[in-house]
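J.: I'll drop the sequence and a predicted model, then ask my questions.
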Amino acid sequence: MAAAAPPRTIAWVGDSYTYFNDLPAMVAAMLDTEPDPEACVLCGGARLSGHAADPRVAALLERDWDAVVLQEASTVAGGYDLAKLGASRGAAREFFAPRASTTVLLFGTWGHRGGSVYAASKHAYPSYRAMQAKTSAGCKRLCALLGASARYVPVGEAFREVHEACAGSHLEPEGDPRTLFSRLYAPDGHHPSRLGSYLAACVFYATLTGESPEGHAYRPPPRCAHDDVVQAAFSCLQPGWQPAAMDDGDRAALQAAAARATV
């Protein structure tokens, strides 16, 4: 991957996968830029089709950015619901692509830890591997609809790298809460933990710069935006839950997984 001048200004359109742990701020810190709190339209559960109807998104895209990140809801790209997928493909082609006057990045998301956590899509995504394969393929198709200059950010593939490394060590990636793969997730089994968002940030860094994140000194801060809301929600599932700290071994493993997925 050739080195590139990293963008200084990035807009983000997505849902809780992006705002948990303040992924935009993590990416800005790794790029040594200042995050812009006005550069995000992030709504829990929102799909690209919904964002296309949101006047805040239209206004955001009228501004000048070095890059715009688009993130689809986690279950949509894999195609379990063809009506929802069709609406998002239409939004990509008819709303977002014509407005792509700058670099557009499609955030390739991850499969849920044990397959879909939602009953409506469990039949389509019965396991992590099944969901990751369908999600990655669907995200790449959405990216193609955004135009020839759009770029795919393989965060889901980095999650898969961690999964396969755990499986190769004769560990049960999904079932053992001590594995690095399990620790990429919050207690609900699909939102990112602090480690999961850090892995995503490493993939964005590599995609945007063309450089491996290995050896990067950045660490997530002890407190991130939305921590109070997230902790209140997840304490119901796991009393006393706190975002996991990252040790040096975790950081090196996640940086290496991001590098394998991108370089």
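T.: That came in fine, so what should we check first? Because the structure is predicted, anything quoted here is derived from the model rather than measured.
J.: farthest residue from the center of the chain?
T.: The C-alpha centroid of the chain is most remote from H170, which lies 26.8 Å away (C-alpha atoms, centre = their mean).
J.: can you tell me the helix or strand for that residue?
T.: Under the criterion DSSP states H and E, no helix or strand holds H170.
J.: backbone dihedrals for it, please?
T.: Dihedral angles of H170 (phi, psi; degrees, to the nearest 10) stand at phi 60, psi 30.
J.: and the gap between it and G86?
T.: To G86, H170 is 42 Å away according to C-beta to C-beta, to the nearest Å. (Each C-beta comes from the backbone N, C-alpha and C, glycine too.)
J.: check V117 too.
T.: Taking C-beta to C-beta, one finds V117 at 23 Å from G86.
J.: neighbour-wise, which of those two wins?
T.: Legend: neighbour count by other C-beta atoms under 10 Å for V117 and G86, higher for V117 (17 against 12).
J.: and the residue sitting nearest the centre point of the chain, what does it touch?
T.: Centroid-nearest residue in the chain: T109, 4.7 Å away (criterion: C-alpha atoms, centre = their mean). Counting by C-beta atoms under 8 Å, 6 or more residues apart in numbering, T109 touches 17, 71-72, 74, 77, 135, 139, 155-156.
J.: of those, which is the most crowded?
T.: E72 leads the contacts of T109 on contacts (other C-beta under 10 Å) with 32 neighbours.
J.: mind checking pLDDT for the residue nearest to that one when sequence neighbours are not counted?
T.: Closest residue in space to E72, ignoring its immediate chain neighbours: L48 at 5.2 Å, by C-beta to C-beta, 6 or more residues apart in numbering. Note on L48: pLDDT of 97.
J.: which residues does the worst-scoring helix or strand of the chain on mean pLDDT contact?
T.: Scoring the helices and strands of the chain by mean pLDDT, DSSP states H and E places helix 227-235 at the bottom, with a mean of 79. With contacts defined as C-beta under 8 Å, 6+ apart, helix 227-235 is touched by 20-21, 186-188, 191, 241-243.
J.: kindly report the same for stretch 42-53.
T.: Residues from elsewhere that reach stretch 42-53, judged by C-beta under 8 Å, 6+ apart: 12-16, 18-19, 41, 54, 57, 70, 72-73, 76, 84, 87-88, 90-92, 94-96, 142.
J.: in strands, which of those residues fall?
T.: Cross-referencing the contacts of stretch 42-53 against strands under DSSP state E gives 12-14, 41, 70.
J.: distance of V153 from V229?
T.: To V229, V153 is 25 Å away according to C-beta to C-beta.
J.: quick one, which of these two is more surrounded?
T.: Using other C-beta under 10 Å, the more surrounded residue of V153 and V229 is V153, with 25 against 12.
J.: quick check: the more buried one touching Y205?
T.: No. The pair V153 and Y205 does not pass the contact test of C-beta atoms under 8 Å, sitting 10.2 Å apart.
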